[in-house]
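Participant: I'll drop the sequence and a predicted model, then ask my questions.
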Amino acid sequence: MAFGITREQLNEWKETVLRGEIAYLTHYWLDPRFPGVRTVTKVGCSDLARLIEWCVSYSLNPRYIHNRPPFPHFDLMGSKQVEILRSERLWSHLERFKLLEE
């Protein structure tokens with residue numbers, strides 16, 4: 001279950017993904033399969049080759065891309081999520097979801 005984002009933020013992410021650009025969307029998330037995880041960042045791009053390249057650049061296995069057209073995405077959680085958000089200088093995501101405090 002996703003929550004903590006606005007319709008405008010979701011639509012902006014979708015538009016960016018559809019343009020073939022790498023897009024980041026962080027939101028609160030609860031899933032019993034991942035106890036203790038309270039947020040996820042969806043990294044999307046409709047250009048699958050570009051998304052695969054992005055995964056490889058961060059040493060992530062592209063096998064875990066959710067290839068769900070028209071919005072293929074990779075889910076980031078935990079320390080890798082924080083590491084990549086820092087690397088991408090997405091401070092607003094880190095601050096809004098208090099990810100630097102964990």
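Facilitator: That came through, no problem.
Participant: Please name the residues that touch the spatially most central residue of the chain.
Facilitator: Residue closest to the average C-alpha location in the chain (C-alpha atoms, centre = their mean): Lys42, at 2.2 Å. With contact taken as C-beta atoms under 8 Å, 6 or more residues apart in numbering, Lys42 is in contact with Trp13, Tyr24, Leu25, Thr26, His27, His73, Phe74, Asp75, Leu76. C-beta here means a position set from N, CA and C on the backbone, and glycine is covered the same way.
Participant: which of the residues you listed lies closest to Arg33?
Facilitator: Comparing the contacts of Lys42 against Arg33 with C-beta to C-beta places Asp75 closest, at 11.5 Å.
Participant: and the closest one, what element?
Facilitator: Element membership for Asp75, per DSSP states H and E: strand 73-76.
Participant: got the CA positions of that strand in PDB?
Facilitator: The C-alpha coordinates for strand 73-76 follow below in PDB (Å, rounded to 0.1, in the frame of the first residue of the first chain):
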ATOM      1  CA  HIS A  73      10.400   0.600 -12.500                       C
ATOM      2  CA  PHE A  74      12.900  -0.600  -9.900                       C
ATOM      3  CA  ASP A  75      12.000  -0.500  -6.200                       C
ATOM      4  CA  LEU A  76      14.700   0.900  -3.900                       C
END
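Participant: Many thanks, we can stop here.
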